[in-house]
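> Generate a structure from the sequence data that follows.
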Amino acid sequence: MAGINLKGMGVALITPFKKDKSVDYEALARLLEYQIQNGIDYLVVLATTAETVTLSPEEQVEVRNFVVERVHGRVPLVLGMGSNNTMAVVNAVKSTDLSPFSAILSVVPYYNKPSQEGIYQHYKAIAEASPVPVILYNVPGRTGVNMAPETCLRLARDFENIIGVKEASGNISQMDEIIKNKPKDFMVISGDDGITFPLITLGAVGVISVIGNAFPREFSRMVRLALEGDYEKALLIHHRFTELFSLLFVDGNPAGVKCLLNAMGFIENELRLPLVPTRITTYEKIRAVLNSLN
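Numbering: from 1, shown residues only. Predicted coordinates:
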């Protein structure tokens with residue numbers, strides 16, 4: 001499993017919708033080309049930012065197959081596969097053709113608040129079932145429970161095919177503890193655009209990015225410069241985006257980045273309930289920042 005390298009900037013791909021709320025495959029094709037032509041390192045398909053929970057099982061298969069076909073091996077793909085029902089994930093892993101994917105990204109079980117032992121056993125079952133590497137995803141702001149560093153490190157040591165963690169706890173000292181004590185090849189990936197730069201300086205290998213949907217060239221360059229140790233140039237790019245980092249999440253994700261992509265002319269500004277578009281005031285602020293960046 002040591003050969004899997006997901007360094008750099010992965011993009012948590014959105015799902016564009018038409019006015020009638022159906023999946024907009026033309027817009028998705030444009031977005032995929034935009035990502036690949038502008039230097040992203042890999043794509044994460046059907047994760048939280050894709051509004052996956054609002055897609056029917058048939059739509060999820062269609063989107064997955066569409067992305068695989070369009071990307072055609074040009075960049076690695078990671079597939080989001082998470083649930084708060086362990087056996088549902090295990091069954092999905094066993095019944096899905098994962099051969100086009102470098103890894104799966106699986107979120108800590110949400111809503112039912114498992115103990116640390118429950119989290120460990122959940123990932124143990126997934127790791128034992130999965131034919132491809134597994135990336136843990138810790139996002140307590142969404143799941144309601146934090147995967148402790150000890151649990152993350154225990155999983156990293158016990159399972160060769162658990163190759164990394166997308167850390168979005170917002171707790172820098174927690175992430176630093178994982179980086180300090182992890183096995184050599186275990187990857188810590190930022191799950192938060194705004195702290196990607198400082199986290200790379202501590203030893204993270206990159207980011208699974210939301211803002212990368214809209215600014216793949218600039219943000220992947222920032223990540224690359226930081227990984228090369230050119231902190232001065234990387235920091236300049238980081239500071240250009242600081243206002244956007246907060247604006248994109250003020251009305252929730254992916255409402256912010258969909259608003260941004262709409263202002264850029266890529267997609268309709270459509271989400272599926274229970275998510276709704278950003279407020280007009282947020283849209284205007286995002287458009288003002290966009291104009292200042294151009």
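
> neighbours around the closest residue to residue 105 other than its chain neighbours, how many?
With CB to CB, 6 or more residues apart in numbering as the criterion, residue 105 has its nearest non-adjacent residue at 4.7 Å, and that residue is residue 135. In short, each C-beta sits where N, CA and C put it, glycine included. By other CB atoms under 10 Å, the residues close to residue 135 number 23.

> same for whichever strand or helix holds residue 135, what does it pack against?
Assigned by DSSP states H and E, residue 135 belongs to strand 134-138. Here strand 134-138 touches strand 103-107, helix 116-129, helix 149-158, strand 162-167, going by 3 or more CB pairs under 8 Å, 6 or more residues apart in numbering; DSSP states H and E.

> between the longest one and strand 103-107, how many degrees?
It stands for helix 116-129. 160 degrees (axes from the mean of the first three to the mean of the last three CA atoms, to 10 degrees).

> before we move on, the earlier item: any idea how far the residue nearest to residue 105 lies from residue 20?
According to CB to CB, to the nearest Å, residue 135 and residue 20 sit 34 Å apart.

> Same question for residue 274.
The gap separating residue 274 from residue 20 is 18 Å, by CB to CB.

> Repeat that for residue 151.
Counting by CB to CB, the gap between residue 151 and residue 20 amounts to 43 Å.

> Mind jotting down where the strands sit in this protein?
8-12, 42-45, 77-80, 103-107, 134-138, 162-167, 187-190, 206-209 (DSSP state E).

> Output stretch 22-33 as PDB - backbone C-alpha positions only.
The C-alpha trace of stretch 22-33 is given here as PDB (Å, rounded to 0.1, in the frame of the first residue of the first chain):
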ATOM      1  CA  SER A  22     -31.500  17.200 -12.200                       C
ATOM      2  CA  VAL A  23     -27.700  16.500 -12.400                       C
ATOM      3  CA  ASP A  24     -26.100  18.800 -15.000                       C
ATOM      4  CA  TYR A  25     -23.700  16.500 -16.700                       C
ATOM      5  CA  GLU A  26     -22.600  19.200 -19.300                       C
ATOM      6  CA  ALA A  27     -21.500  21.500 -16.400                       C
ATOM      7  CA  LEU A  28     -19.800  18.500 -14.600                       C
ATOM      8  CA  ALA A  29     -17.800  17.700 -17.800                       C
ATOM      9  CA  ARG A  30     -16.700  21.400 -18.100                       C
ATOM     10  CA  LEU A  31     -15.700  21.400 -14.400                       C
ATOM     11  CA  LEU A  32     -13.700  18.200 -14.700                       C
ATOM     12  CA  GLU A  33     -11.700  19.600 -17.600                       C
END
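
> Please state the mean pLDDT value computed over it.
Confidence for stretch 22-33, expressed as mean pLDDT, is 98.

> can you give me how far it is from the chain middle?
Counting by CA atoms, centre = their mean, to the nearest Å, stretch 22-33 is centred 18 Å from the centre of its parent chain.

> for it, which positions count as buried?
Under the neighbour-count criterion of 16 or more other CB atoms under 10 Å, stretch 22-33 has 23, 24, 27, 28, 31, 32 buried.

> Before I go, just wanted to say thanks for your time.
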